[in-house]
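Participant: Could you work out the structure for the sequence below:
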Amino acid sequence: MLGHIESYDERCQTGVIKYQNQFYEFHIDQWTSQEPPKAGDDVDFDQDDGKVTEVSPVGAYLMEAKPVKSRMLAALLGIAFGAIGLHRIYLGFYMLGLLQTLVTLGTGGFGVMWGFIEGVLIFTGHIDKDAKGRHLK
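Facilitator: This next block holds a predicted model:
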């Protein structure tokens, strides 16, 4: 069956898979991949009487995510248009971009500094992933 990992606790090495409107608990012993499970992963799993017997990742999780967004463009957008959160929108953080716009409008310009600083952090590599967790190129 194809499901979705709702949560995974590294300390207990257990997780919960959601399939339709049912939840199934699994242990790391049932995990077949060398990469550890993460909340949000799509998985193929087998179950017997409500107990998971085997879990494996499917789709894009089998391959390493390739960079899609440009670090330089994101940094330039942050430095030039950070006050309106354009760099965050470009990286896929839509709500954060909207929040930066609201902060800029509500505080008379504080968001300008926020966006500029984030532009510099993107340029220097301190912010290095987009909203989907892919590294910037």
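Participant: shouldn't F116 be in contact with I79?
Facilitator: Yes. With contact defined as C-beta atoms under 8 Å, F116 counts as touching I79 (5.8 Å). Glycine gets a C-beta too; all of them are placed from N, C-alpha and C.
Participant: What's the separation between the residue lying farthest from the centre of the chain and Y94?
Facilitator: Most distant residue from the mean C-alpha position of the chain: D49, 32.8 Å away (C-alpha atoms, centre = their mean). For D49, the distance to Y94 (C-beta to C-beta, to the nearest Å) stands at 42 Å.
Participant: now do Q13
Facilitator: Q13 is 34 Å from Y94, by C-beta to C-beta.
Participant: what's the answer for F26, then?
Facilitator: With C-beta to C-beta as the criterion, F26 and Y94 are 32 Å apart.
Participant: For the two, indicate the residue with more neighbours.
Facilitator: When neighbours are counted by other C-beta atoms under 10 Å, F26 and Y94 differ, and F26 comes out ahead with 24 against 12.
Participant: Mind telling me what element I5 is part of?
Facilitator: Secondary structure from DSSP states H and E places I5 in strand 2-9.
Participant: Now T101. Nearest residue, chain neighbours left out?
Facilitator: Nearest residue to T101 in three dimensions, chain neighbours excluded: I84, at 4.8 Å (C-beta to C-beta, 6 or more residues apart in numbering).
Participant: Go ahead and name everything in contact with the strand holding I5.
Facilitator: 14-19, 23-24, 36-45, 58 (C-beta atoms under 8 Å, 6 or more residues apart in numbering).
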